[in-house]
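> show me how the following folds:
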Amino acid sequence: MNTRAVEQLKTELGAEPPESVGRLAPEHIERLATALRHERERRASGLSEAAEDALKLVPALARGPVRRILFR
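Numbering: from 1, shown residues only. Alright, predicted model coming up:
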């Protein structure tokens with residue numbers, strides 16, 4: 001189960017994939033790894049947008065320092 005596709009999936013999961021993944025074709029494993037990466041990026045983007053929207057509640061003069069504190 002040491003193919004390039006499995007290594008990509010392992011990176012995306014942050015852990016060893018289940019043993020049953022080894023029965024999938026390499027192109028299916030790559031597709032799964034790609035889908036996981038895209039979903040993680042989408043969620044991160046959504047969180048960034050939500051944080052920026054929340055900063056609108058902070059007075060304008062304090063936004064810069066608050067942004068630096070929160071997003072080091």
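> need the contact list for the spatially most central residue of the chain.
Taking C-alpha atoms, centre = their mean, the centroid of the chain lies closest to R40, which sits 2.7 Å from it. Residues counted as contacts of R40 (C-beta atoms under 8 Å, 6 or more residues apart in numbering) are E12. Every C-beta, even on glycine, is put in place using the N, C-alpha and C of the backbone.
> do you know the pLDDT at it?
For R40, the pLDDT comes out at 90.
> list the buried ones in the helix or strand containing it?
Per DSSP states H and E: R40 is located in helix 26-55. Within helix 26-55, the residues scored as buried using 16 or more other C-beta atoms under 10 Å are 29-30, 32-33, 55.
> same list, those residues, but as a markdown table with pLDDT and distance to R72 please.
What follows is the buried residues of helix 26-55, written out as a markdown table (pLDDT from 0 to 100; distance: C-beta to C-beta, whole Å):
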| residue | pLDDT | distance to R72 |
| --- | --- | --- |
| I29 | 92 | 36 |
| E30 | 91 | 34 |
| L32 | 92 | 33 |
| A33 | 92 | 30 |
| L55 | 90 | 15 |
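> between those residues, which is closest to Q8?
Nearest to Q8 among the buried residues of helix 26-55, counting by C-beta to C-beta, is A33 at 4.1 Å.
> my guess is that closest one contacts L9. True?
Yes - contact criterion C-beta atoms under 8 Å: A33 and L9 qualify, at 4.3 Å.
> who's in contact with the helix or strand following the helix holding R40?
Of the helices and strands lying after helix 26-55 in sequence (DSSP H and E), the nearest is helix 60-70. By C-beta under 8 Å, 6+ apart, the residues outside helix 60-70 that reach it are 51, 55, 58.
> show the backbone phi and psi for the last one.
Which is V58. With angles defined as degrees, to the nearest 10, V58 sits at phi -90, psi 140.
> neighbours around it, how many?
If you count neighbours by other C-beta atoms under 10 Å, V58 ends up with 14.
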